[in-house]
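[1] have a look at this prediction, sequence included:
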Amino acid sequence: MDATAAPGSTPPSLRLPLMALGGLVVASIAATAAVRLSGMSIHEPDAPVLMKRALQFDDRSDGGIDVFDATTHRRIETVTGQAGFVRGTLRGLARERRRAGIGASAPFDLIAHVDGRLTLVDPSTTRRVDLESFGPTNMADFAHLLRDDVAASRRN
């Protein structure tokens, strides 16, 4: 320890680096706030659409979720069991709808892009969930809903 520093104070040799580090932290926070407040989009532009399906999700009394093709009104799957990622994703989007005073009947768009990304979009609130961000297993919980041959029931 530096003999010239008072007990409990920062030694003079560390003051400049600590001040520089503090300035860097403040500058990072200010830059992040400026981008967020400006409304500037920080998302990478979407790749062209490979496949798109409008889906409706209905809660069941037994805790499951019925998934319907919004165009044909045909049930394409019943999600049963935990299905934590599916439930959590839909819960977040439903919360946004309630805040906006929008009912649950409007469909969601599940969109596969040519670059392999998968997005769940709520056209009524413009909220989107980039599903690939949650890993391949969670993304697969939604990706199979794009197929026409989805089994009528799936156990998780």
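    Thanks, I have it. Numbering: from 1, shown residues only.
[2] contacts, neighbours, all on C-alpha from now
    Fine.
[3] beta partners of the spatially most central residue of the chain?
    The structure's the chain has its C-alpha centroid closest to Val129; by CA atoms, centre = their mean the separation is 3.6 Å. Per DSSP bridges, residues listed as beta-bridge partners of Val129: Leu120.
[4] quick one, what contacts it?
    For Val129, the contacting residues are Thr89, Thr119, Leu120, Val121, by CA atoms under 8 Å, 6 or more residues apart in numbering.
[5] filter the residues you listed to the buried ones?
    When neighbours are counted using 16 or more other CA atoms under 10 Å, those contain these buried positions: Thr119, Leu120, Val121.
[6] closest to Gly101 among those residues?
    Among those, Val121 lies closest to Gly101 (CA to CA), at 17.4 Å.
[7] any idea how far that closest one lies from Leu110?
    Note on Val121: its distance to Leu110, by CA to CA, to the nearest Å, is 6 Å.
[8] just Gln56 next, same as before
    Between Gln56 and Leu110 the distance, using CA to CA, works out to 10 Å.
[9] again, but for Asp148
    In this structure, Asp148 and Leu110 are separated by 13 Å, where distance is defined by CA to CA.
[10] compare the two (neighbour count), which wins?
    Counting neighbours by other CA atoms under 10 Å for Asp148 and for Leu110 shows that Leu110 has the greater number, 22 against 10.
[11] the more buried one: what secondary structure?
    Put simply, Leu110 is strand when judged by DSSP: H, G, I helix; E, B strand; the rest coil.
[12] all numbers from here: first residue = 53
    Got it, the first residue is 53 from now on, which makes the last one we talked about Leu162.
[13] name the nearest residue to it, sequence neighbours excluded.
    Leu172 (4.6 Å; CA to CA, 6 or more residues apart in numbering).
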